[in-house]
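Peer 1: please find the sequence and the predicted model below.
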Amino acid sequence: MTSIKRNFIYNTLLSISQVLFPLIVFPYISRVLGPAGIGQVTFIESICRYAILISALGIPIYGVREVARIKENRAKIKELVSEILAIHFLSTFVIVFIYIFLVFTFSILKENLNFYLYGIVFIISNIFNVEWYFQGIEEFKFITIRSILVKSVVTVLTFMLVKNNADQILYFLTIVLTLCLNAFFNFYFLLKRTSISIVKFPSLKKHIKPLFYIFSSTAFVSIYTLSDTILLGLLSDKHEVGLYTIGQKLSRIPILFIGAMSLVLIPKLATYFKNDDHKMFNRILTQSFEFVVFFSIPIIFFIIGNSNYIITEFAGADFNKSSQILIILSLLSLLVGLSNIFGLQILTPSGNDKYFTISVFFGMIVSVVLNYFLIPIYGAPAAAFSSVISEIFVTIITYYYACKLVSLKLNFFLVLKISIFSLPIILFSFLTSLVSINLFLAFFCNLFFCFLYTYLLHYYILKTPFFLKLKESIIDLI
């Protein structure tokens, strides 16, 4: 089996774990903490993740690309890892100082001081996470096993510690602990593979320009993915944040699966582009496009037909208004998948990060403007609408720049074709809603039909080559 297929399967298993553990934990947490409690923790977590984002300076993407290029040269790997860690340490030191100043300055933050103090540990731990190193050397097996073990431990602790609405800070601590444990194991095994040396400041300069472009793009992306939560908390209330959080978390489940392909392909695409192997470069892009279309569209149609079931079973009746938010955000699985192809799989591996930065800058502007004017009027649904419109802008602009760099031969008619063939998924969901059966049973009947119909469609009706190859890869792994 090729390394791409093997790594994709491992990364898919990782994505499944990222879906499975929230499915186990979140129904319990949402009922214990309620919309306001969930909104409170999510708002604080978003602030901390902004600090992590800024202090990381685009290293999670830049590190993967640079490690992939020199992974066979141990001396250069040692030098690169030392320099990246030095940059990350310096930037984090500055950001933590600013973070502490802001927490003690603004009353809206100071009233939850204990949360934000634990957030400092959250931010500092990210220095040692070094996930980019293991992704760059394509150690997806290690990443998957470690992640599943850590999530298992934290899941057990969550059920043991979080008992009522007053345990919001304990729930936040489980989030902090997840990153801390991942960072500990990652850094421990990093030191077993390479050593770290003291670096001089002049040696860091060569990383500044590429990091600036990648950081700008990731910062802009995160502004329009995190600003909705923060602006909801500032312009509305924590209850609206809670409603939005449920829809957002559920909509990101399919995005995790689709994003698994992008993470696996970045090292390979960077190598193919460096070696001028345009045939393999375009072949992988075509397969990636087909994967996004074949998986995302049936998922969108399933969510549209089952949003009420999903919200009720996953979060409870208090979150019923989140079903509308989930339907709107379900479109992101296709849009994010496509923008990842044009941005992370073309612009980033080819070293054209500045074009990706321009694309997401416009997405950020659209997101902030729409959120600022619409949230005070429409609340959480406005934040969802803004996210989708922003991602449409990013997808279109990244496609424009990608076409200027490579000759893309993507069959966009496939989107319409699969959409038409996926209509029975909504129809079946509508028919089950007319029958008086248990919501839980109706949901799983619809889910089973979605999987069965998609399988029969691609293997026996359309005879899709991509699915046939995927089936062979899974059989080989078994």
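Peer 2: That came in fine, so what should we check first? Numbers count the residues shown, from 1 in each chain.
Peer 1: quick one: the helices in the stretch 301-450 of the chain?
Peer 2: Chain-ordered helices for the stretch 301-450 of the chain, with DSSP state H, counting those that start in this stretch as the definition, fall at 322-329, 332-342, 353-378, 380-405, 413-421, 423-433, 439-456.
Peer 1: for S46, which of the ones you listed is the nearest?
Peer 2: Between S46 and those, the shortest separation by CB to CB is 12.1 Å, and it involves helix 380-405. C-beta: built from backbone N, CA, C; applies to glycine.
Peer 1: avg pLDDT for that closest one?
Peer 2: Per-residue pLDDT values across helix 380-405 average out to 90.
Peer 1: do the same with stretch 13-22
Peer 2: If you average the pLDDT values across stretch 13-22, you get 73.
Peer 1: how far does it sit from its chain's centre?
Peer 2: From the chain centre to the centre of stretch 13-22 is a distance of 12 Å (CA atoms, centre = their mean, to the nearest Å).
Peer 1: again, but for stretch 432-444
Peer 2: Distance of stretch 432-444 from the chain centroid (CA atoms, centre = their mean) equals 31 Å.
Peer 1: quick one: buried residues of that stretch?
Peer 2: Applying a neighbour-count criterion of 16 or more other CB atoms under 10 Å, one finds 432-433, 442-443 buried in stretch 432-444.
Peer 1: a markdown table for those residues, including pLDDT and distance to G247?
Peer 2: Shown next, in a markdown table, are the buried residues of stretch 432-444 (pLDDT from 0 to 100; distance: CB to CB, whole Å):
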| residue | pLDDT | distance to G247 |
| --- | --- | --- |
| T432 | 85 | 22 |
| S433 | 80 | 20 |
| A442 | 83 | 20 |
| F443 | 82 | 16 |
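Peer 1: okay if I get those as TSV plus distance to T348?
Peer 2: Output for the buried residues of stretch 432-444, formatted as TSV (distance: CB to CB, whole Å):
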residue	distance to T348
T432	43
S433	43
A442	42
F443	38
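Peer 1: quick one: which of the residues you listed is nearest R252?
Peer 2: Proximity of the buried residues of stretch 432-444 to R252 was ranked by CB to CB; the top entry is F443 with 19.0 Å.
Peer 1: where's the residue lying closest to that closest one once chain neighbours are set aside relative to F93, distance?
Peer 2: In space, and not counting its chain neighbours, F443 is closest to Y309: 4.0 Å by CB to CB, 6 or more residues apart in numbering. Between Y309 and F93 the distance is 48 Å, computed by CB to CB, to the nearest Å.
Peer 1: neighbour count: these two, which is higher?
Peer 2: Y309 (22 against 12; other CB atoms under 10 Å).
Peer 1: the more buried one contacts N446, correct?
Peer 2: Yes. At 7.2 Å, Y309 and N446 qualify as touching, with contact defined as CB atoms under 8 Å.
Peer 1: so who does C445 touch?
Peer 2: C445 makes contact with 432, 437, according to CB atoms under 8 Å, 6 or more residues apart in numbering.
Peer 1: apologies, that question was intended for Y309.
Peer 2: By CB under 8 Å, 6+ apart, the residues touching Y309 are 439, 442-443, 446.
Peer 1: same list (the residues you listed) but as JSON lines, adding distance to N73.
Peer 2: Shown next, in JSON lines, are these (distance: CB to CB, whole Å):
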{"residue": "L439", "distance to N73": "57"}
{"residue": "A442", "distance to N73": "57"}
{"residue": "F443", "distance to N73": "52"}
{"residue": "N446", "distance to N73": "52"}
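Peer 1: out of those residues, who's nearest L285?
Peer 2: Among those, N446 lies closest to L285 (CB to CB), at 33.0 Å.
Peer 1: the closest one contacts S429, correct?
Peer 2: Yes. Under the contact definition of CB under 8 Å, N446 touches S429, with a separation of 4.8 Å.
Peer 1: which one of these two has more residues nearby?
Peer 2: Taking N446 and S429 together and counting by other CB under 10 Å, S429 has the greater number of neighbours (25 against 22).
Peer 1: find the nearest non-adjacent residue to that one, please.
Peer 2: Spatially, and ignoring its direct neighbours in sequence, S429 is nearest to G305 (2.9 Å; CB to CB, 6+ apart).
Peer 1: measure the residue nearest to F443 to S433 for me?
Peer 2: Taken as CB to CB, the span from Y309 to S433 is 9 Å.
Peer 1: go on, Y118?
Peer 2: Here the criterion is CB to CB. By it, Y118 lies 44 Å from S433.
Peer 1: L405 too?
Peer 2: Separation of L405 from S433 (CB to CB) stands at 47 Å.
Peer 1: try V369
Peer 2: If you measure V369 against S433 using CB to CB, the figure is 37 Å.
Peer 1: cool, and I297?
Peer 2: Using CB to CB, I297 is found at 21 Å from S433.
Peer 1: in the stretch 151-300 of the chain, which spans are strands?
Peer 2: In order along the chain, the stretch 151-300 of the chain carries no strands (DSSP state E, counting those that start in this stretch).
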